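Colleague: got a predicted model here, sequence first, then my questions.
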Amino acid sequence: MGWFTSFWNSSIGQKFVMAITGIFLIVFLVIHLAGNMMIYVGPDAFNGYVGTLELIKPLIRVIEIVLASIFILHIFNAVSLWLANKQARPVAYKISGAAKNSSIFSRTMIYTGSLTFIFLVVHLQTIWYRYNFANTEKIEMYEMVTGLFNTNWYSILYLVAMILLGFHLNHGFQSAFQTFGWKHTKYTPIIEKIGTVYAILMAVGFGSIPVYFLLGGGN
């Protein structure tokens, strides 16, 4: 197991874990967005969707634990790699070529990821935790969610977080494929375009919900 431990703790191993967990999260976001879109159909459809999940709650709890583990691994390796990079170059160059050699999406990954994580904690506390553990009045999910999105500060916070998520996904998508060695002059531009389209769809899809309520939808 010595080789596995060495690989796990190496920068290559950490990038590999980042790529795998990133792919899982990319797939999860598509599934989560599809469920969230039910809010546009109406309260019955949205609550019906939530009710279906309630029927398989033991399975959902297992999925939540797996997702939490994936998030933790992803965040831990991201911070570890960022710190290792900072330690390797403790003094910044007087003339930086970063702007020419990398995109703004790659240079801001640690910041967009950190801010998105902070929002995720707020989001879980205000919806997931409140609905599952503090819902003493047994409020339906549609009522709870629309109540939050009819609060301007929450909708604005959500919208900003989704824009940051889009920035993070734009580089993260193509970076995952690059880690797997799928880098080719012919295919890389295609992967980059698919990553950009995916990031835009996720940002617009999730971000459309607070915009809808800010503009008076759902009333």
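Modeller: Right, received. Where do you want to start? Residues are numbered from 1 along each chain as shown.
Colleague: so, low pLDDT: which residues of the protein?
Modeller: For the chain, applying pLDDT under 70 flags the ranges 1-5, 7-8, 89-102, 105, 182-184, 218-219.
Colleague: so which residue is dead centre in it?
Modeller: Taking CA atoms, centre = their mean as the criterion, L165 is the residue nearest the geometric centre of the chain, at 6.0 Å.
Colleague: gap between that one and Y142?
Modeller: 23 Å (CB to CB, to the nearest Å). Glycine gets a C-beta too; all of them are placed from N, C-alpha and C.
Colleague: again, but for E64
Modeller: From E64 across to Y142, the span is 21 Å (CB to CB).
Colleague: comparing those two, which residue is more hemmed in?
Modeller: Legend: neighbour count by other CB atoms under 10 Å for E64 and Y142, higher for Y142 (20 against 13).
Colleague: does that one really touch G48, like I thought?
Modeller: No. Checked against CB atoms under 8 Å, the pair Y142 and G48 is beyond contact range at 9.7 Å.
Colleague: contact partners of stretch 74-90?
Modeller: Stretch 74-90 is contacted from outside by 11, 14-15, 17-18, 21-22, 25, 109-110, 113, 117, using CB atoms under 8 Å, 6 or more residues apart in numbering.
Colleague: show me these that map onto helices.
Modeller: Among the contacts of stretch 74-90, the members falling in helices (DSSP state H) are 11, 14-15, 17-18, 21-22, 25, 109-110, 113, 117.
Colleague: right, I'll call it a day here.
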